[in-house]
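J.: sequence plus the predicted model coming up.
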Amino acid sequence: MLITDTMHRIVWANDGFTRLTGYTLDEALGRQPQELLHFELTDPDTLHGLNEAMSVGLGGKAELQRRGKDGRHYWADIEIQPLFDDAGELSGFMEIESDITARKQLQAQADEARGSLQDLYDNAPCAYYALDQHGLFLQINALGLRWLDCTAKQVIGKLSPRDFFSPESRELFDAAFPRFMREGRVSGLEFDMKGRQGEVRRVSLSATAIYDASGVYLRSRSVMFDITETHQIRQRLQQLTLDQEAMLESDLVGIAKVRDRRNVWRNQALERMFGYADGELLGTLSRQLYVDDAAYETLGALAYPQLKAGRRFRTQLQMKRKDGSLIWVDLSGVQLPGSGDESLWMMVDITQSKAHEARMEHAALHDALTGLPNRLLLGDRLRQAINASERNGHVFALAYLDLNGFKQINDTHGHDAGDEVLRAVASRLHAGLRASDTVARLGGDEFVVLLSPTQGRSEAELVLGRLLDALSQPITLTTGPQVAVGSSLGLANYPVDGRTADALMRHADEAMYANKRAGRSRALQR
Ligand SMILES: Nc1nc2c(ncn2[C@@H]2O[C@H](COP(=O)(O)OP(=O)(O)OP(=O)(O)O)[C@@H](O)[C@H]2O)c(=O)[nH]1
């Protein structure tokens with residue numbers, strides 16, 4: 001404690017002053033406390049306010065930073081009171097100063113701790129908030145506000161998280177919040193939340209409830225994590241699993257996982273495709289799906305080296321159903337990565353498309369009316385015959401055949417009757433030949449017979465003579481009448497009459513016309 005005169009000069013100080021500042025009374029006398037104990041970090045505004053008050057004869061209170069005689073800084077709590085003489089005139093000031101350094105230090109530490117907690121609270125990677133019993137925000141950290149795109153003022157006491165939720169999430173919240181208030185805990189609830197600017201997040205919420213002494217709910221302590229990315233990945237994985245299951249359970253593709261050629265997994269489509277009951281193929285050897293041992297061994301020998309080399313194996317082959325019937329299968333296999341010796345096989349029943357393919361191929365190469373090979377297939381067979389004869393020196397014959405009087409049948413009995421005659425001619429020609437011979441219809445009433453290698457020309461002529469005999473027999477139409485057609489024939493022998501398909505055809509054609517012109521209905525002249 002000290003006393004100053006009106007000029008703020010120290011006129012008295014007690015022992016406490018000496019203990020606090022280090023200055024003796026003698027050293028202090030006549031000096032101003034400000035000059036004696038001034039410390040530059042002292043808040044100038046506080047000091048100024050105090051001086052102002054004293055200049056008009058008032059006292060005041062302040063917390064100031066001081067420096068003692070030994071240079072030690074300390075915080076002082078200062079209370080100044082004006083002193084008056086008997087006449088009521090201001091005679092000086094009494095100053096009571098106490099050391100509050102320890103308290104100030106504690107306060108500073110507490111402020112710092114509070115600051116770092118606030119920092120943690122605001123910048124944590126999650127939203128922290130508290131909700132009152134109506135579900136309204138009592139408090140929310142900076143990140144939470146950022147997610148909502150709101151200021152604290154806009155939400156505290158006014159809004160609830162549910163105001164930012166999708167309709168489904170709102171329903172979930174409305175059901176969960178009363179239960180949470182009763183049970184005091186909720187964990188990992190997921191909501192879809194949308195900030196005011198429209199940014200959508202998936203959040204996971206956990207909270208504990210705080211109650212007063214009588215068990216009345218006061219507030220929540222809630223934490224919300226942004227799990228948008230995890231949620232998206234989870235959804236993608238789910239979709240992928242669904243896709244995969246759909247694919248594996250596809251009705252069209254039979255799938256088997258195979259180890260040591262045994263089915264360790266299969267889908268139902270596989271069993272359906274091969275006529276087995278559900279589960280019947282599980283654990284069985286794949287041998288039973290093959291036509292025979294040879295097919296099974298051949299497939300294994302072809303496929304497994306490819307699979308081991310990391311390549312996909314694919315083929316089309318006939319396989320066997322449980323009832324023994326055969327199906328065409330498009331089979332592809334691949335080694336399963338990281339599975340040791342397991343491979344995955346996919347099988348598609350292509351029986352129908354194979355049959356369709358065969359029909360298309362037949363249609364492209366055969367005459368629709370008679371079913372005989374057409375010009376295209378004849379050309380192919382002819383070239384094959386030439387190649388074979390070039391290799392082995394055999395001879396063969398080609399005959400061009402054209403009906404006579406056919407137009408008349410059409411004109412008299414109708415086009416259907418004409419068709420019937422063409423079919424009858426085709427069947428007679430076919431019946432009169434060996435399997436290795438070819439009879440083709442070029443169109444209209446023109447046919448070509450390709451005889452496989454013969455012993456000589458006479459043998460060919462013998463066969464053709466029989467054919468012409470057969471053709472000259474009357475044909476009874478389904479409508480009743482009998483008709484007869486003649487035929488002119490021209491022969492070409494390989495290699496004497498030509499070495500190419502074109503040359504042979506031309507020669508036979510010309511020979512046929514020559515015969516027709518000469519009126520030789522069944523002549524065999526060249
Ligand atoms: N019904 C039927 N007639 C056909 C078909 N293709 C061609 N024609 C007919 O067959 C007839 C062939 O005529 P031509 O070659 O003069 O027959 P042709 O009376 O035997 O006389 P030549 O061959 O000269 O001896 C024509 O009237 C064609 O319209 C067919 O697929 N079905």
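T.: In hand now; what should we look at?
J.: do you know how far the closest residue to the ligand within the chain is from residue 430?
T.: For the chain, the residue closest to the ligand is residue 418, as judged by C-beta to the nearest ligand atom, at 2.5 Å. For glycine as for every other residue, the C-beta is placed from the backbone atoms N, C-alpha and C. Residue 418 sits 19 Å away from residue 430, going by C-beta to C-beta, to the nearest Å.
J.: among these two, which residue is more densely surrounded?
T.: residue 418 (24 against 17; other C-beta atoms under 10 Å).
J.: surely residue 255 touches residue 348?
T.: No - using C-beta atoms under 8 Å, residue 255 makes no contact with residue 348, being 10.2 Å away.
J.: need phi/psi at the residue most central in space within the chain.
T.: In the chain, the residue lying closest to the centroid (C-alpha atoms, centre = their mean) is residue 240, at 5.7 Å. Per-residue torsions, residue 240: phi -60, psi -40 (degrees, to the nearest 10).
J.: kindly report the same for the one 3 residues further on.
T.: As for residue 243, its main-chain torsions (degrees, to the nearest 10) stand at phi -60, psi -40.
J.: count the residues that sit near it.
T.: The burial count for residue 243: 10, using other C-beta under 10 Å.
J.: same question for residue 10.
T.: Using other C-beta under 10 Å, residue 10 has 22 other residues around it.
J.: ok, now which ones touch it?
T.: 2, 3, 4, 28, 29, 30, 31, 32, 33, 36 (C-beta atoms under 8 Å, 6 or more residues apart in numbering).
J.: show the subsequent helix or strand relative to the strand or helix carrying the residue of the chain closest to the ligand.
T.: If you go by DSSP states H and E, residue 418 is part of helix 415-431. Note on helix 415-431: by DSSP H and E, the next helix or strand toward the C-terminus is strand 438-443.
J.: what's the angle between whichever helix or strand comes after that following strand and strand 438-443?
T.: Remark: after strand 438-443, the chain's next helix or strand is strand 446-451, criterion DSSP H and E. Interaxial angle of strand 446-451 relative to strand 438-443 (axes from the mean of the first three to the mean of the last three C-alpha atoms, to 10 degrees): 160 degrees.
J.: in the protein, which helix is the longest?
T.: helix 101-123 (DSSP state H).
J.: tell me the domain boundaries of this structure?
T.: According to automatic domain parsing, the chain comprises the domains 2-105, 124-231, 249-352, 366-517.
J.: can you pull the residues of this protein lying near the ligand?
T.: 369, 402-408, 410, 415, 418-419, 422, 444-445 (C-beta under 6 Å from any ligand atom).
J.: run the last query once more with 5 Å
T.: Counting by C-beta under 5 Å from any ligand atom, the residues of the chain close to the ligand are 403, 404, 406, 407, 415, 418, 419, 444, 445.
J.: weed out the non-buried ones from those.
T.: With burial judged by 16 or more other C-beta atoms under 10 Å, the buried subset of those is 403, 404, 406, 418, 445.
J.: hang on, the second one packs against residue 485?
T.: Yes - contact status for residue 404 versus residue 485: in contact at 6.5 Å, counting by C-beta under 8 Å.
J.: where does pLDDT dip in the stretch 401-526 of the chain?
T.: Residue ranges of the stretch 401-526 of the chain with pLDDT under 70: 455-457, 520-526.
J.: can you tell me which of the contacts of residue 10 are in strands?
T.: Of the positions in the contacts of residue 10, 2, 3, 4 sit in strands, assigned by DSSP state E.
J.: can you list these in JSON lines and add distance to residue 191, pLDDT and neighbour count?
T.: Formatted as JSON lines, the ones in strands among the contacts of residue 10 follow (distance: C-beta to C-beta, whole Å; pLDDT from 0 to 100; neighbours: other C-beta atoms under 10 Å):
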{"residue": "2", "distance to residue 191": "66", "pLDDT": "93", "neighbour count": "24"}
{"residue": "3", "distance to residue 191": "69", "pLDDT": "94", "neighbour count": "16"}
{"residue": "4", "distance to residue 191": "68", "pLDDT": "93", "neighbour count": "24"}
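J.: follow-up on the earlier one: find the pair from the buried ones among the residues of the chain next to the ligand with maximum spatial separation.
T.: Maximum pairwise distance among these (C-beta to C-beta): 13.7 Å, between 404 and 418.
J.: neighbours of the spatially closest residue to residue 429 that is not a sequence neighbour, how many?
T.: The spatially closest residue to residue 429, leaving aside those adjacent along the chain, is residue 439, at 4.4 Å (C-beta to C-beta, 6 or more residues apart in numbering). By other C-beta under 10 Å, the residues close to residue 439 number 25.
J.: so residue 439 sits against residue 447, correct?
T.: Yes - here residue 439 reaches residue 447: they are 6.3 Å apart, a contact under C-beta under 8 Å.
J.: overlap in contacts, these two.
T.: What both residue 439 and residue 447 touch, as defined by C-beta under 8 Å, 6+ apart, is the set 372, 426, 429.
J.: now the first one: closest residue in space, sequence neighbours ignored.
T.: If you skip the residues right next to it in sequence, residue 372 has residue 441 as its closest partner in space, 4.6 Å away by C-beta to C-beta, 6+ apart.
J.: could you do the second one as well?
T.: In space, residue 426 comes closest to residue 370 once its chain neighbours are excluded; the distance is 3.6 Å by C-beta to C-beta, 6+ apart.
J.: am I right that that neighbour falls within a strand?
T.: No - judged by DSSP: H, G, I helix; E, B strand; the rest coil, residue 370 forms no part of a strand; its state is coil.
J.: so what's it up against?
T.: Contact analysis of residue 370 by C-beta under 8 Å, 6+ apart lists 422, 423, 425, 426, 427, 441.
J.: quick one, what contacts the last one?
T.: Listed by C-beta under 8 Å, 6+ apart, the contact partners of residue 441 are 367, 369, 370, 372, 373, 374, 422, 426, 447.
J.: and those, which two are the farthest apart?
T.: For the contacts of residue 441, the maximum inter-member distance is 14.6 Å, found between 373 and 422 (C-beta to C-beta).
J.: got the contact list for residue 39?
T.: 64, 65, 66, 67, 73.
J.: now with 10 Å?
T.: Residues near residue 39 by C-beta atoms under 10 Å, 6 or more residues apart in numbering: 64, 65, 66, 67, 68, 71, 73, 74, 75, 76.
J.: in a markdown table, list these along with secondary structure and distance to residue 84.
T.: Formatted as a markdown table, these follow (DSSP: H, G, I helix; E, B strand; the rest coil; distance: C-beta to C-beta, whole Å):
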| residue | secondary structure | distance to residue 84 |
| --- | --- | --- |
| 64 | strand | 25 |
| 65 | strand | 30 |
| 66 | strand | 27 |
| 67 | strand | 31 |
| 68 | coil | 31 |
| 71 | coil | 36 |
| 73 | strand | 34 |
| 74 | strand | 31 |
| 75 | strand | 30 |
| 76 | strand | 25 |
